[in-house]
Each structure stands twice: as C-alpha cells, then as structure tokens.
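Asker: what follows is a predicted protein model with its sequence.
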Amino acid sequence: MASALAPGAAVSVTTGAAEVVAVVRLRVHPLGSWLPALTAQERAVAAVEPKGTSP
C-alpha cells in the first residue's frame, strides 16, 4: 500500500517468531528539488498471534 501511495518508497516486511516488522523508507524534497533531499523512515511492529490447536 505504501508503494502505491508513495511512488519510490522502499517497503520491507520481516517476520520473526514473535513479531512482524514493517519498514518504509522514502527520499523526499520537502522544500523543492534544489535543496538536499531528506530520508523519511517509519517502522511498525506487531505481535504475531498465537496459533491455536483444535480441541
């Protein structure tokens, strides 16, 4: 979704045993293309839901 809303964004999702981590990075020119670009990065972490067993 981030790559669709922000062309050029780099999206990575990693899954561990207990958590899922999503990171989005994007280079932006907030004040015009003649000034240096900034890198915006955001990270979201969520716990993996436990897998239940059938009774």
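Answerer: Perfect, I can see it now.
Asker: burial of Ala22, as a residue count?
Answerer: Ala22 has 15 neighbouring residues, counting by other CB atoms under 10 Å. No exception for glycine: its C-beta is placed from N, CA and C like everyone else's.
Asker: identify the bridge partners of it.
Answerer: For Ala22, the residues forming beta bridges with it (DSSP bridges) are Val13, Ala44.
Asker: swap in the one 4 residues further on?
Answerer: Leu26 has the following beta-bridge partners by DSSP bridges: Ala40.
Asker: how close does it sit to Ala37?
Answerer: Between Leu26 and Ala37 the distance, using CB to CB, to the nearest Å, works out to 10 Å.
Asker: cool, Arg43 as well?
Answerer: Here the criterion is CB to CB. By it, Arg43 lies 20 Å from Ala37.
Asker: Leu26 and Ala37 - which one has more neighbours?
Answerer: Set side by side, Leu26 and Ala37 show unequal neighbour counts under other CB under 10 Å, the larger going to Leu26 at 18 against 11.
Asker: any low-confidence regions in this protein?
Answerer: Under the criterion pLDDT under 70, the flagged ranges of the chain are 1-3, 5, 54-55.
Asker: what about the helices in the protein?
Answerer: Chain-ordered helices for the chain, with DSSP state H as the definition, fall at 2-5.
Asker: how far out from the middle of the chain is stretch 33-52?
Answerer: Stretch 33-52 sits 3 Å away from the centroid of its parent chain (CA atoms, centre = their mean, to the nearest Å).
Asker: wait, Leu38 sits on Leu31?
Answerer: No - applying CB atoms under 8 Å as the test, Leu38 and Leu31 come out as separate, 9.4 Å apart.
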